[in-house]
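**Q** build the 3D model from these lines:
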Amino acid sequence: MIVNLSHIKHLDMSMYERIISSREFLEILKESPKLSSIKINSINLNLLLYDNELCKYLNKMITKLNICQEFTWRFNVPNTLENFKPSFNNSKELKNFCEIFSNIEHLECYIMKPNHVLFLLNHLSKLSTMKVHLPPLDNYDHFLTLFKQESSRLNFIFHVKDINVKAPEVSMWIELKPYGKTAVEPLGKLPRSFEFEQKRK
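**A** All right, here's what the predicted structure looks like:
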């Protein structure tokens, strides 16, 4: 059966234990000119990033990326430091990601270190929104202080959810802050235009 891919805008690859080959994925991208959004787990994503031609297409086409945890849809695994699986295993992977996805505008991922979040903010110049899942934090006061300081320098607003529990999340909106607006938005008062899951116009 021939499938018409010309109208596909989002591709969810997160449910697959074994990813397609990079050549097959490249053919999908070539046949999907409107594709701009992908959901994929970190292991499968890293396996695909060794193909230079594929990386060029990803750079040109993908503006929204959700890097989910691998296979956690099957298990109810507690979010402990031991169980936490980051989207990037080291600084080299992080740097490589920023080069390949330099045109990314919306990103969701799992980050082990707060400094890696700041690295993404510094190196993804087109980033507009980012949601980061963190492991349990030992010192969330230090985390908040760090992000308050950097928010002024990097021009982003951030909202922290459940920072003092086992599954903290940080949502960020990168833009010039309105005059007099605090960098930390209180729960429940985020403007609708800033919602991360909003439909792309």
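
**Q** burial check on Pro135, number of neighbours?
**A** 20 (other C-beta atoms under 10 Å). C-beta coordinates here come from the backbone N, C-alpha and C atoms, glycine included.

**Q** does it sit in a helix or strand, and which one?
**A** In the assignment (DSSP states H and E), Pro135 maps to no helix and no strand.

**Q** kindly report the same for the one 10 residues further on.
**A** Using DSSP H and E, Thr145 sits in helix 140-154.

**Q** other SSEs contacting that helix?
**A** On a contact count with 3 or more C-beta pairs under 8 Å, 6 or more residues apart in numbering; DSSP states H and E, helix 140-154 meets helix 114-123, strand 156-161.

**Q** repeat that with 6 Å
**A** Contacts defined by 3 or more C-beta pairs under 6 Å, 6 or more residues apart in numbering; DSSP states H and E place helix 140-154 against helix 114-123.

**Q** who are the packing partners of the helix it packs on?
**A** Counting by 3+ C-beta pairs under 6 Å, 6+ apart, helix 114-123 packs on helix 91-100, helix 140-154.

**Q** what is the mean pLDDT for the very next helix or strand once past it?
**A** Sequence order places strand 129-133 as the next helix or strand after helix 114-123, per DSSP H and E. Here strand 129-133 scores 93 as its mean pLDDT.

**Q** likewise for stretch 138-156?
**A** 80.

**Q** check contacts around Tyr110.
**A** 86-87, 133 (C-beta atoms under 6 Å, 6 or more residues apart in numbering).

**Q** so which of these wins on neighbours?
**A** Ser87 (27 neighbours).

**Q** strands of the protein, residue ranges please.
**A** Along the chain, counting by DSSP state E, strands occupy 10-12, 37-41, 64-68, 106-110, 129-133, 156-161, 169-174.

**Q** present those strands as a markdown table; the columns should include distance to Leu118.
**A** Formatted as a markdown table, the strands of the chain follow (distance: least, C-beta to C-beta, whole Å):
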| stretch | distance to Leu118 |
| --- | --- |
| strand 10-12 | 28 |
| strand 37-41 | 24 |
| strand 64-68 | 18 |
| strand 106-110 | 14 |
| strand 129-133 | 11 |
| strand 156-161 | 10 |
| strand 169-174 | 10 |
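
**Q** rank those by mean pLDDT and give me the bottom one.
**A** Among the strands of the chain, strand 156-161 scores lowest, at a mean of 83.
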